[in-house]
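Novice: sharing a model prediction with you, sequence too.
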Amino acid sequence: MIASNIFRLIGDFFTWAFGPFEWMRNSLARADYGWWVSNGVNWLFCLVLLVLFWYWMKESRRFLKEGTEDRA
């Protein structure tokens, strides 16, 4: 009984968490511009990841130059 409730809670959480994506998929499937919006969201995610990766590498280089990278 308890395990069933835990898995039901996990399923409800992810249904709630991904609700906006489900709405976007349903509403954009009927529109002519749906493909462009979907790919625009993907490009936005890729751009954010590239910016974060650039920042991470910049900070890594700074710590390497200071010599504090592997100090324990």
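Specialist: Thanks, I have the structure now. Just so you know, these numbers come straight off a predicted model, no measurement behind them.

Novice: what about this structure, any weak spots by pLDDT?
Specialist: Across the chain, the ranges flagged by pLDDT under 70 are 1, 70-72.

Novice: tell me the centre residue of it?
Specialist: residue 45 (6.9 Å; C-alpha atoms, centre = their mean).

Novice: list phi and psi for that residue.
Specialist: phi -60, psi -40 (degrees, to the nearest 10).

Novice: now the helices for the chain?
Specialist: Counting by DSSP state H, one finds helices in the chain at the ranges 2-17, 19-29, 34-66.

Novice: so how far is the second one off the chain centroid?
Specialist: Centre-to-centre, helix 19-29 and its host chain are 16 Å apart (C-alpha atoms, centre = their mean, to the nearest Å).

Novice: counting contacts, what elements does that helix pack onto?
Specialist: Under the contact criterion of 3 or more C-beta pairs under 8 Å, 6 or more residues apart in numbering; DSSP states H and E, helix 19-29 touches helix 34-66. (Each C-beta comes from the backbone N, C-alpha and C, glycine too.)

Novice: what do you get for the longest one?
Specialist: Under the contact criterion of 3+ C-beta pairs under 8 Å, 6+ apart, helix 34-66 touches helix 19-29.

Novice: dump the C-alpha coordinates for the helix it packs on into PDB.
Specialist: Taking only C-alpha atoms (Å, rounded to 0.1, in the frame of the first residue of the first chain), the coordinates of helix 19-29 have been written out as PDB:
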ATOM      1  CA  GLY A  19       2.500  19.800 -17.700                       C
ATOM      2  CA  PRO A  20       3.600  22.900 -19.600                       C
ATOM      3  CA  PHE A  21       5.500  20.800 -22.200                       C
ATOM      4  CA  GLU A  22       2.400  18.600 -22.600                       C
ATOM      5  CA  TRP A  23       0.300  21.800 -23.200                       C
ATOM      6  CA  MET A  24       2.900  23.100 -25.700                       C
ATOM      7  CA  ARG A  25       2.900  19.800 -27.600                       C
ATOM      8  CA  ASN A  26      -0.900  19.600 -27.800                       C
ATOM      9  CA  SER A  27      -1.400  23.300 -28.700                       C
ATOM     10  CA  LEU A  28       1.400  23.600 -31.200                       C
ATOM     11  CA  ALA A  29       0.600  20.400 -33.000                       C
END
